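**Q** I need the structure of the sequence given here:
(one chain, ligands or ions: 1)
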Amino acid sequence: MRNLMNITDLSMEEIQSLITTAEDIIANPVKYRDACKYKKLATLFFEPSTRTRLSFEAAMYELGGSVIGFSEASSSSAAKGESVADTVRTVGCYADVIAMRHPKEGAPLVASRKAGVPVINAGDGGHNHPTQTLADLLTIWRKKKTFENLTIGLCGDLKFGRTVHSLVVAMARYAGVKFIFISPEELRIPRYILTDTLDPAGIPYEEVSSMEEAMPKLDVLYMTRVQRERFFNEADYIRLKDTYILTPDKLSNAREDLVIMHPLPRVNEISVAVDDDPRACYFEQVKNGKYMRMALILKLLEVNV
Ligand code: NCD
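**A** Purely as a prediction, here's the structure:
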C-alpha cells in the first residue's frame, strides 16, 4: 500500500507516468468516467481549503467514485478530543483512500500508519504539500516540455510556504535546475532544505531580496502568499505581507516565455492586471491540479484504465 507524504515518495519515473496519465485524462475524459466506480475518497480537512479539497472531490467524482469527509475540525470528533490516529482508523473502515490536511506538521504521516488505506498529505502545517507540487509540475511540463535547465524564482513567504518546500525538493532532482529565492530576511527558505537537499547535490541557488533584479533570469516565477496563520504575531504579518506585489510594469524586463505561477489563494501578491498577461498560468495550475489528483487516485487505488 502506498501513501503520499512527500513529493519524493514518488520516483521521477512515477511523476512522469502521472503526467502521461493526466494528459490522457485531459484528451479522453470519457475513458475514465467509471474507473473508480464504488470506490470512496475521504477528505479530512482540519484546516481551510478551497482548491485542494474541491479538486480532490471533483477528481473522485470524475472517476465515477464518491466522496465523504469534513471540511473543518470543529465538525468532526476532533472537537471532542479524538486523536488523529483514532479518527483515521475509523475513516479507514469507510473509505478506500484518504486525503488529509492538518495544521500540525507530520499529522498525515501519523495518520498513514493507522489508516489501513492509502493516505495523501493534502498539506501539513508549514511543511509539505505534495499534490500542489503535482499540479505545479504538470503546469511547468505543459509550458516548457522539460524540467531540465530551468531557472526558477520563488518569491514571498519561503519560510512557511509548504508549496515552496515541496516544489523545490521536486525540481532539485532535474539536471541543470537553478533556484533564485526571493524573500525578506525573515521569510527565507528553511535552512534544512539547503543543507539536506540543495547543498549535498551541489545545486546552484541564490537568496536575494529584489524581485526586479531576478526577473530577467527567470524561466518560472512562483509567487506565494504570506502565510498569516503561521505567524506568531499580527504586527510582523502586517509589516511583511505586501513586500512583493507583481504588477505589469515589474514584468517589463521578464522573458517572453516566463511562466508565472501561484498556488493560490492570492491576497495582494499578484495584481489582477497581470491576469490577462499570456504568461499568467495560475488558473491553469488549478485545472492541472484536478487532473494530477485523478492520476494519483488511480495510482494509489491500483486502478488500470
Ligand atoms: C496553498 C496551501 O494550502 O498551502 N494553497 C493550496 O493548496 N493551493 C497555498 C496557500 O495557502 O498559500
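
**Q** Now do the residue lying farthest from the centre of the chain against the ligand, distance only.
**A** Relative to the centre of the chain, and counting by C-alpha atoms, centre = their mean, the farthest-placed residue is Lys80 at 30.2 Å. Lys80 sits 26 Å away from the ligand, going by C-beta to the nearest ligand atom, to the nearest Å. (C-beta placed from N, C-alpha, C; glycine too.)

**Q** Check Glu212 too.
**A** Applying C-beta to the nearest ligand atom, the value for Glu212 to the ligand is 23 Å.

**Q** That residue contacts Asn253, doesn't it?
**A** Yes. Assessed by C-beta atoms under 8 Å, Glu212 is found in contact with Asn253 at 7.5 Å.

**Q** okay, now Glu47: neighbour count?
**A** Counted with other C-beta atoms under 10 Å, the neighbours of Glu47 add up to 20.

**Q** Could you export stretch 58-72 as CSV, CA atoms only?
**A** C-alpha atoms of stretch 58-72 as CSV (Å, rounded to 0.1, in the frame of the first residue of the first chain):
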residue,chain,number,x,y,z
ALA,A,58,-14.1,16.8,-8.3
ALA,A,59,-11.3,14.3,-9.2
MET,A,60,-13.0,11.4,-7.5
TYR,A,61,-16.5,12.3,-9.0
GLU,A,62,-15.0,12.5,-12.5
LEU,A,63,-13.6,9.0,-11.9
GLY,A,64,-17.1,7.7,-11.1
GLY,A,65,-16.3,7.4,-7.3
SER,A,66,-17.9,9.1,-4.4
VAL,A,67,-16.7,11.3,-1.5
ILE,A,68,-17.2,11.5,2.2
GLY,A,69,-15.5,13.8,4.8
PHE,A,70,-15.4,17.0,6.7
SER,A,71,-14.0,20.4,5.9
GLU,A,72,-13.3,21.7,9.4
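
**Q** Mind listing what's buried along it?
**A** Judged by neighbour count (16 or more other C-beta atoms under 10 Å), stretch 58-72 contains these buried residues: Ala58, Ala59, Met60, Glu62, Leu63, Gly65, Val67, Gly69, Phe70, Ser71.
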